[in-house]
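Trainee: quick one, fold the following:
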Amino acid sequence: MDLVRIICAIFLPPLGVFLQVGFGKDFWINLLLTIFGFYILGIVHAVWVIARK
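Mentor: Numbering: from 1, shown residues only. Down below sits the predicted model:
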């Protein structure tokens, strides 16, 4: 299941984080990173959130 989340995180980072933690603090941080043009940082953050749990 983590592989599916990581693939989702590559294409749409907030979705990968949402699948892992729901509407928590990490989701909103990732959404802001992705929206404000830091797409690569959003991907890195999403993979980090998925890998740490």
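Trainee: for the rest of this, base every contact and every neighbour count on C-alpha atoms.
Mentor: Fine.
Trainee: need phi/psi at residue 23.
Mentor: Main-chain dihedrals, residue 23, degrees, to the nearest 10: phi -90, psi 60.
Trainee: that one and residue 6, how far apart?
Mentor: In this view, residue 23 and residue 6 are 17 Å apart by C-alpha to C-alpha, to the nearest Å.
Trainee: which one of these two has more residues nearby?
Mentor: A direct count of neighbours by other C-alpha atoms under 10 Å for residue 23 and residue 6 places residue 6 higher, at 24 against 12.
Trainee: any chance you could list what contacts stretch 38-46?
Mentor: For stretch 38-46, contacts defined as C-alpha atoms under 8 Å, 6 or more residues apart in numbering pick out 6, 9, 10, 12, 13, 14, 16, 17, 30, 31, 33, 34.
Trainee: which members of those residues are the farthest-apart pair?
Mentor: Greatest spatial distance in those: 6 and 33, 16.9 Å, computed using C-alpha to C-alpha.
Trainee: return the set of buried residues in stretch 31-47.
Mentor: Neighbour-count burial for stretch 31-47, counted by 16 or more other C-alpha atoms under 10 Å, picks out 31, 33, 34, 39, 42, 43, 45, 46, 47.
Trainee: dump the residues you listed to a markdown table, plus secondary structure, pLDDT and distance to residue 53.
Mentor: Below are the buried residues of stretch 31-47 laid out as a markdown table (DSSP: H, G, I helix; E, B strand; the rest coil; pLDDT from 0 to 100; distance: C-alpha to C-alpha, whole Å):
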| residue | secondary structure | pLDDT | distance to residue 53 |
| --- | --- | --- | --- |
| 31 | helix | 94 | 19 |
| 33 | helix | 93 | 20 |
| 34 | helix | 93 | 21 |
| 39 | helix | 90 | 22 |
| 42 | helix | 93 | 17 |
| 43 | helix | 94 | 16 |
| 45 | helix | 94 | 13 |
| 46 | helix | 94 | 11 |
| 47 | helix | 94 | 10 |
